[in-house]
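just coords:
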């Protein structure tokens, strides 16, 4: 059985500088993965007109992306643990770049949909590989900050993509924007090939002959038993709840506020931008907090209390513009603070050698939320029930809070932090 997730013994000359290089490489890859995720929304109209289809038909690409990721992220996690995170991460960047280039160059709507399904497959490797690398190479005293920088890089990728895509599309059309993103993916893959020798490869743990004779079947059984254990399933539910809550706020808060309170779209968009930008800043703050407390569920509880209050105020109180923007920005800050503690809670219940499969499995909750949330909230808008969106968001926040504060304390011999 192979493992990429157990802590690797570092030579005496290893320094924080080495960890910084590793975190930087992983963060760049995560940054690009979020560019892939946000590539289509800014130019939906241009793609729609290019293929002569409806918005629903274009949005099918995003649905297919999430379905492919949801189905294959757990198998990708097993592959990370078996073949090594560096190999899988480079492969994801290459396949993702190829998918984006294919979406731009191949003729016809259905080729575009197929390309997006392939992009969803490529997306499966990032969380399993990234967290496996960080957990194997970063000292536990700094792992919270490492997780926060990784998450911040993803938020930053999402934040810069709309401006980048619209700028490229203005110069070269939507195909040019896609080709630019594909080239960026190939460039980062080349960077990891050239400079990625510092990243961990697969590590083989010594085993008794009897254990080796069981082969892949035994490993699969152990992995399945782990994934179906109560602590891991609880984290899967936790990730799904976060995806459902954030999906409602990020996608439907602008139209929802307009329908409920008549809030101008310009004001609501500024509030949403405040939410997203302060979330990114909160992620970095949350990394320092995560390294200084073992009580990650308490950090999550405080953050969830604030974000649920924000959602309730948005649904029931018609606030002046400056107050609305302030409330959403504060909610975003606390939403960001939660994220490193979220990752530390998963890390605490994951045994050595299983980070790829575990993070691949629990991250499937994000994809499941990405499939369900748009359909659920769109139906509420179509039925003229925008306030129900914020109520459901609040319900999912409270369910996430419940899964966090009631989790069992990890045993010292299985927790990574001990």
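That came in fine, so what should we check first? Keep in mind the model is a prediction, meaning the values are calculated, not measured.

From now on I want contacts and neighbour counts done on CA atoms only, so please keep to that.
Fine.

Off-centre distance for the helix or strand hosting residue 74?
Secondary structure assignment for residue 74, by DSSP states H and E: helix 55-83. Distance of helix 55-83 from the chain centroid (CA atoms, centre = their mean, to the nearest Å) equals 12 Å.

by contact count, what packs against the helix or strand that comes right after it?
Using DSSP H and E, the helix or strand that follows helix 55-83 towards the C-terminus is helix 85-105. If contacts are counted by 3 or more CA pairs under 8 Å, 6 or more residues apart in numbering; DSSP states H and E, helix 85-105 sits against helix 16-38, helix 109-123, helix 126-137, helix 143-195.

switch the cut-off to 10 Å
helix 16-38, helix 55-83, helix 109-123, helix 126-137, helix 143-195 (3 or more CA pairs under 10 Å, 6 or more residues apart in numbering; DSSP states H and E).

what's the closest of those helices to residue 252?
Checking those against residue 252 by CA to CA gives helix 55-83 as the closest, at 15.1 Å.

And the average pLDDT for the closest one is what?
Computed over helix 55-83, the mean pLDDT rounds to 84.

Also stretch 259-267?
pLDDT averaged over stretch 259-267 gives 88.

which residues are in contact with that stretch?
Stretch 259-267 is contacted by residues 253-258, 269, 271-273, 314-322, 324-325, 381, 384-387 when judged by CA atoms under 10 Å, 6 or more residues apart in numbering.

List the buried residues of that stretch.
Of all the residues in stretch 259-267, those buried under the rule 16 or more other CA atoms under 10 Å are 259-260, 263, 267.

same thing with stretch 17-37?
Judged by neighbour count (16+ other CA under 10 Å), stretch 17-37 contains these buried residues: 18-19, 22-37.

Now do the domain split for this protein, please.
Following automatic domain parsing, one gets these domains for the chain: 17-201, 224-405.

looking at those, which one has the lowest mean pLDDT?
domain 224-405 (a mean of 85).

Could you work out the end-to-end span of that one for me?
In domain 224-405, first residue to last residue: 25 Å (CA to CA, to the nearest Å).

so how far is that domain from its chain's centroid?
12 Å.

C-terminal to whichever strand or helix holds residue 304, what's the next element?
Using DSSP H and E, the element containing residue 304 is helix 296-316. Scanning forward in sequence from helix 296-316 by DSSP H and E, the next helix or strand is helix 321-348.

buried set for that next one?
Buried residues in helix 321-348 (16+ other CA under 10 Å): 321, 324-325, 327-348.

so that helix versus helix 143-195, what angle?
With axes from the mean of the first three to the mean of the last three CA atoms, to 10 degrees applied, the angle from helix 321-348 to helix 143-195 works out at 80 degrees.

Summarise which helices and strands helix 321-348 is packed against.
Using 3+ CA pairs under 10 Å, 6+ apart, helix 321-348 is in contact with helix 126-137, helix 143-195, helix 230-261, helix 265-292, helix 296-316, helix 355-382.

looking at those helices, which is buried most?
helix 126-137 (a mean of 27; mean count of other CA atoms under 10 Å).

and it with helix 143-195, angle?
Going by the same axes, to 10 degrees, helix 126-137 makes 100 degrees with helix 143-195.

Quick check: residue 304 vs residue 80, distance?
From residue 304 to residue 80 the distance is 32 Å (CA to CA).
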